[in-house]
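# Need coordinates for the below:
(one chain, ligands or ions: 1)
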Amino acid sequence: MENYRIGFGYDSHRFTGAKPLRLGGVTIPGAPGLQGHSDGDALVHALIDALLGAAALGDIGERFPDSDPAWQDADSAMLLDRVVREVSDAGWRVGNVDATIICERPRLRAYASDIRASLAERLHIPMDSVSVKGKTNEGMDSTGQGVGLAVHCVALLVRR
Ligand code: MG
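Now for the predicted structure:
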């Protein structure tokens, strides 16, 4: 039986002016929010898929279907709590996570520390085991043209 498992998650959402921007459970002031059935927190969604992927427990779409009114405007951080519990029940703890958020605006560096602290608390790991990096797409493609935001995330699970 392995002692380590790695998982990868990806998510993207369009910007909308209708709600505040939430990333990693943190509200980013003065930025347009992300369209979605839940609060649109693409960072948490990518992280959830990385965790579920590492444990081979399926994916976020089957766990929390957007056809289910229970997840309408859901706080994605609450969904993350459920997945962390489930991964733990399957015999794993989170080792570290590393995420890259791709968007032209807002610039996220100023919020990276708050986002890392928020995720570390949810994952029950130290902040120095959580990495959140911001990049632009240099104006290329729809992300670069500011249509939305995309997140790539890897997570390592360690046998408990
Ligand atoms: Mg999503």
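
# Strand partners (parallel or antiparallel) of the helix or strand hosting K19?
If you go by DSSP states H and E, K19 is part of strand 4-23. Partners of strand 4-23 in the sheet, by DSSP bridges, are strand 26-34 (antiparallel), strand 148-159 (antiparallel).

# Do the helix or strand following the shortest one and the ion come into contact?
With elements assigned by DSSP H and E, the helix or strand that comes after strand 26-34 is helix 42-54. Yes - judged by C-beta under 5 Å from the ion, helix 42-54 comes into contact with the ion through H45. C-beta here means a position set from N, CA and C on the backbone, and glycine is covered the same way.

# what separates helix 42-54 from the chain centre, distance-wise?
Here helix 42-54 is found 6 Å from its chain centre; the criterion is C-alpha atoms, centre = their mean, to the nearest Å.

# Please apply the same query to stretch 88-102.
For stretch 88-102, the separation from the chain centroid amounts to 10 Å (computed by C-alpha atoms, centre = their mean).

# coming back round to it: enumerate the positions of the strand holding K19 that are buried.
For strand 4-23, a neighbour-count test (16 or more other C-beta atoms under 10 Å) marks 5, 7, 9, 11-13, 15, 21-23 as buried.

# now do stretch 85-93
For stretch 85-93, the neighbour count (16+ other C-beta under 10 Å) marks 86-87, 92 as buried.

# Mind telling me which residue of the chain is nearest the ion?
H45 (3.5 Å; C-beta to the ion).

# okay but that residue is in contact with D11, surely?
Yes - with contacts counted by C-beta atoms under 8 Å, H45 reaches D11, the gap being 4.0 Å.

# what do the two both touch?
Residues touching both H45 and D11 by C-beta atoms under 8 Å, 6 or more residues apart in numbering: 60, 151.

# Hmm, D11 is touching D59, no?
No - with contact defined as C-beta under 8 Å, D11 does not reach D59; the gap is 10.6 Å.

# Now do the shared contacts for those two.
Common neighbours of D11 and D59, using C-beta under 8 Å, 6+ apart, are D49.

# ok so, going back, just give me the lowest mean pLDDT stretch among the strands paired with strand 4-23.
The weakest mean pLDDT among the strands paired with strand 4-23 belongs to strand 26-34, with a mean of 94.

# near the ion, which residues of the chain?
Contact residues, the chain versus the ion (C-beta under 5 Å from the ion): 11, 45.

# any idea how far the residue with the largest distance to the centre of the chain lies from G144?
In terms of distance from the mean C-alpha position of the chain, M1 ranks first, at 27.9 Å (C-alpha atoms, centre = their mean). Counting by C-beta to C-beta, to the nearest Å, the separation of M1 from G144 is 43 Å.
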